[in-house]
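> return a 3D structure for these sequence lines:
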Amino acid sequence: MNGNQTSALVQDGFDNWKRVTGKKCVFLVHVGSSASSSHNKCVTAADALMKPSGHIDKVMHRIGGEEVLKHRLRLKTTIMVVKQLALQGSSFRGHDESDDSLNPGNVLAWIGFAAKLNDQINSVVLCNAPGNAKYTSPSIQKEILGIIANRVCCKIREDIGDSCFSILVDEAVDEAGREQMSIILRYVSSSGIVIERFFALKSVADTSAETLKQAICGVLSQYDLQIEKLRGQGYDGTSNMSGQFNGVKALFLRDGPYAYFVHCFAHRLQLALITSAKVCDPIWDFFSILDCIINVLKASPKRIRELQAIHKKDLDGMLDAGEIQSGQGANQMTSLKRSGPTRWGSHYHSILSIINMFNATCVVLEDLCRSKEGEQRAQARGASKNIKTFEFVFNLHLMKGIMDITDFLCQAFQQESVDIVAAVGFVSMAKVKLQKLRDEGWDKLLQEVKSFCSKHAIEVPNMNATLGRVEKQTTLEHRYHFEYFNQCIDFQLGTLNSRFNESSVRLLQLSGALDPKSSFRSFDEENIYRLAEEFYPRDFEGNEMYCLKNELGYYADHVVHCQEYDVSSLAKLLEKLVETGMDARYRLICRLIRLVLTLPVSTATTKRSFSAMKHVKTDLRNKMGDEFLADCLTIFFEREYVIGMDEDSIIDEFAKLKDRRVQLTL
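Just a heads-up that it's a prediction; the model follows:
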């Protein structure tokens, strides 16, 4: 590398490695100490080559404000179209996106529509856009979606701030057969409102505990959400019992011992209701018959039309007779509701629909009994025979009475704002109502059943008729009262007690001491102090535990006896304390209330996210990439953050992501 340096570098090579040491190292000599050496000139040229913004054509093409505004308008149009399509869960691309296509897809179609409405837009988009910067390609659309979705997550992270949070996680299979894991964050905002936000959708290769935990931690760390701030975990009970999420729970508890797990209340309720129905044979038989009747009637569109036509005729007759009143939203046309095997609340709607359309159901079944098709005729005869029995009508009204009570729980547990204390209170109220139904509801139920049977010409048996052998004789009324009515309610109460036994859960028991319901009837200073001491020692450091005890004394004299704070739930109490500025005065108690409110109650929000996923990733869009799907779902689910998002700021971020072919900023 002395005389012919070029030859050594590009032709002959170099093998004299003894000279690669000391001050006279041939490589150092080659580099040189001057900025004008051949090597340094080459380095400068290479750096310039790797920066397209510095290329001569770009420098020569530095444009004025008018051209920049045109480029921004073109991109802004695409952003607005893509954002609106994502908000509606609509598709983006078309099968044929050529210039002469009659159906180029939603993005191009809506950009074209905007161009027809605005001449200024028309002058810069589609055919009037430069070939290298149309900003309509799928990759550009995905970049825009990625920016918007990331901003949503950043906004959620900003809302959480330094607060503690909980995670709600569930997994489901999408239209393409891929395992998707939904992650929801639950936290209390600065204004004291309990919030649950969709945060991420991650595709997982397998559902092992370690894989799921790594995926969750990856999402949290991406937005600087520390495990030390995790105060609650909520998983679907089925996944938890199968060992997949149970392992995740254990792994998180190792990293953060205060990330308490709460079994989804909605799932516990479902398990309680299903268990009690399975144990009580008459009720299990009733639901089997009910499903059979609905399946027969919903087997064809023709039967559904006949059912609705007869029901409409019945409604018109009752309106003319003054038996029912008309009004907005009243007596609308409906149909029988199928029950879902995994959604116990759907059984309630099946029962209500069969009661409301009972006459129409019987008429259609009678018509089907005269069908020429043997299989159809046999099914209809069995269904028609069962529906016109006193036993079926009795169980129909019995389960309606029970589910009038339990459906309230189903709906309550699906609310985002419900807290753990309120959830336990709802269960207690349901138990009281069920017990009252058992003690006082028999005569009313029997009268309702007899009246219903009389209206629909169903024979009512002699309730005083004797059954069984002489030495063990009993009446038919006794059988229905004690073997059907009492036994069914007892099973319901028993399963609710076993699955919602809050006295065995120390955390829930102590949390109840904060409950403001019934003028702070459950308020207990000692239990509140123990709650902080036993379950949240990391959140109360130094002398704060001592200060908490002093605070509780003033809190008991002021808030507990003040009519202004006599509210129905812990969540509303915190909102009222923040609203009146008392959160600063009782900051330690409010901190404890926030921690309790952060505990998850149910995984209903994860279920909603999967419903949204089915809307976004349909059978026709089953080839969506995982990142594309996650971005679309984030925008679709958390639309309130997106609707008011400024397009110009999105353009600025888009321009900074990487070097662009045209200038987008001045």
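
> the lowest-mean-pLDDT helix or strand in the chain: what's the following helix or strand?
Ranked by mean pLDDT, DSSP states H and E, the helix or strand of the chain with the weakest confidence is helix 237-241, at a mean of 48. Using DSSP states H and E, the helix or strand that follows helix 237-241 in sequence is helix 244-255.

> tell me what that following helix is packed against?
strand 165-173, helix 209-222, strand 230-235, helix 237-241 (3 or more Cβ pairs under 8 Å, 6 or more residues apart in numbering; DSSP states H and E). In short, each C-beta sits where N, CA and C put it, glycine included.

> go with 10 Å
Judged by 3 or more Cβ pairs under 10 Å, 6 or more residues apart in numbering; DSSP states H and E, the packing partners of helix 244-255 are strand 165-173, helix 209-222, strand 230-235, helix 237-241, strand 260-261.

> pick the most buried one from these.
Comparing these by mean neighbour count (mean count of other Cβ atoms under 10 Å), strand 230-235 comes out on top with a mean of 25.

> who does it pair with, and is each partner parallel or antiparallel?
Here strand 230-235 has these sheet partners by DSSP bridges: strand 165-173 (parallel), strand 260-261 (parallel).

> now render those as JSON lines, adding distance to Ala457 and mean pLDDT.
Listed next are the strands paired with strand 230-235 as JSON lines, based on distance: least, Cβ to Cβ, whole Å; pLDDT from 0 to 100:
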{"stretch": "strand 165-173", "distance to Ala457": "47", "mean pLDDT": "88"}
{"stretch": "strand 260-261", "distance to Ala457": "54", "mean pLDDT": "84"}
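
> of those strands, which approaches Arg370 most closely?
strand 165-173 (43.7 Å; Cβ to Cβ).

> dump that closest one to CSV, keeping only the CA atoms.
Provided in CSV are the C-alpha atoms of strand 165-173 (Å, rounded to 0.1, in the frame of the first residue of the first chain):
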residue,chain,number,x,y,z
PHE,A,165,-52.9,0.4,36.3
SER,A,166,-54.3,-3.1,35.7
ILE,A,167,-54.2,-5.3,32.7
LEU,A,168,-57.1,-7.3,31.2
VAL,A,169,-56.0,-10.0,28.8
ASP,A,170,-57.8,-12.5,26.6
GLU,A,171,-57.1,-14.4,23.5
ALA,A,172,-59.2,-15.4,20.4
VAL,A,173,-58.7,-16.8,16.9
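
> mean confidence for the helix or strand following that strand?
Proceeding N to C from strand 165-173, the next assigned helix or strand is strand 179-188, under DSSP H and E. Summarised as a single mean, pLDDT over strand 179-188 is 92.

> same question for stretch 633-644.
Here the average pLDDT along stretch 633-644 is 92.

> with stretch 534-551 instead?
Per-residue scores along stretch 534-551 average to 91.

> for Arg521, what are its contacts?
Asp515 (Cβ atoms under 10 Å, 6 or more residues apart in numbering).

> give me the distance between it and Ala513.
Counting by Cβ to Cβ, to the nearest Å, the gap from Arg521 to Ala513 is 10 Å.

> hang on, the earlier thing: as CSV, the strands paired with strand 230-235 with distance to Ile589 would be great.
As requested, the strands paired with strand 230-235 are exported to CSV (distance: least, Cβ to Cβ, whole Å):
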stretch, distance to Ile589
strand 165-173, 20
strand 260-261, 19
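
> so which of those strands gets nearest Val578?
strand 165-173 (18.0 Å).

> now that closest one against helix 244-255, angle please.
Going by axes from the mean of the first three to the mean of the last three Cα atoms, to 10 degrees, strand 165-173 is angled at 150 degrees with respect to helix 244-255.
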